[in-house]
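Asker: have a look at this fold, sequence not included:
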């Protein structure tokens, strides 16, 4: 059995590839950066079609994206997320109709009033990124009407040591490592009262597989349903090294966050017996330790 993963070099791709291997799949990973996997781009229709036609995968996962809401990423998001979804879905329809397809959604594409968000809530096109995500969901629904088993998992914030350093979680974790080693640096932060989820990426990958391994639920939010503030993360991480975060953090004046709280209502995925296994204190230990990719 083959599993084809577009965006394999991201944190979700890494954990999902490991889970698929453990289940006996042959994993074909595709990434623009290549590395140990195939170099490719899901926005390339001919290449995407060729891969699906050749490998006839049981599962296809579309994880590729530039996860930014910046307007200047408009066309990149459109090509990778929206066009990429269409390329996968049409190739599956033509060449591998028994394949199950996973399309990544985001908690950022919903109307957010601060209350827990479910897969039944309304979308809101409030950024270039959310526009692309919404387009890909409607593509998924259209192809589902044509008989393709296509799933959408709306992912909320999730973390791991494979996070890029520009994410606040990883930025703080790396700074804590350096401070523990003797650095006296200051971390510059915005609104640390913002509350979001801090789910472990390995648990989210397991949630994605849980969704695809059944045939009754086709769209679900995948998140812990528990929100913590950035200040909570600071306190837990600095407690691990016996220091007070207030001595190492500087808050930017006039900073305005995109939202005050972003949290999921995971009741549907919980009904499939999926629950996160890693809680915030354990996640902080994982992310502040100097773990390499091959030790995860």
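Answerer: Ah, there it is. Nothing here was measured: the structure is a model prediction, and the numbers come from that model.

Asker: residue 165 against residue 175, yeah?
Answerer: No - taking contacts as Cβ atoms under 8 Å, residue 165 lies outside contact range of residue 175: 9.8 Å. From N, CA and C alone the C-beta is placed, and that goes for glycine too.

Asker: quick one: which of those two has more around it?
Answerer: Set residue 165 next to residue 175 and count neighbours by other Cβ atoms under 10 Å: residue 175 wins out with 22 against 9.

Asker: that one reaches residue 184, doesn't it?
Answerer: No - in this structure, residue 175 is not within contact of residue 184 by Cβ under 8 Å, at 11.1 Å.

Asker: joint contacts of the two?
Answerer: residue 248 (Cβ atoms under 8 Å, 6 or more residues apart in numbering).

Asker: need the contact list for residue 82.
Answerer: Taking Cβ under 8 Å, 6+ apart, we find residue 82 in contact with 132, 135, 136, 139.

Asker: and if we set it to 7 Å?
Answerer: Counting by Cβ atoms under 7 Å, 6 or more residues apart in numbering, residue 82 makes contact with 132, 135, 136.

Asker: before we move on, what about residue 288?
Answerer: By Cβ under 7 Å, 6+ apart, the contact list for residue 288 reads 173, 176, 177, 237, 240.

Asker: can you say which of those residues are buried?
Answerer: With burial judged by 16 or more other Cβ atoms under 10 Å, the buried subset of the contacts of residue 288 is 173, 176, 177, 237.

Asker: that's a strand at the second one, yeah?
Answerer: In other words, residue 176. No - counting by DSSP: H, G, I helix; E, B strand; the rest coil, one finds residue 176 to be helix, located in no strand.

Asker: surely it and residue 237 touch.
Answerer: Yes - here residue 176 lies in contact with residue 237, judged by Cβ atoms under 7 Å, at a distance of 4.7 Å.

Asker: and residue 68, how close does it get to residue 288?
Answerer: Using Cβ to Cβ, to the nearest Å, residue 68 is found at 25 Å from residue 288.

Asker: brain fart, residue 53
Answerer: Using Cβ to Cβ, one gets 45 Å for the distance from residue 53 to residue 288.

Asker: what of residue 256?
Answerer: 28 Å.
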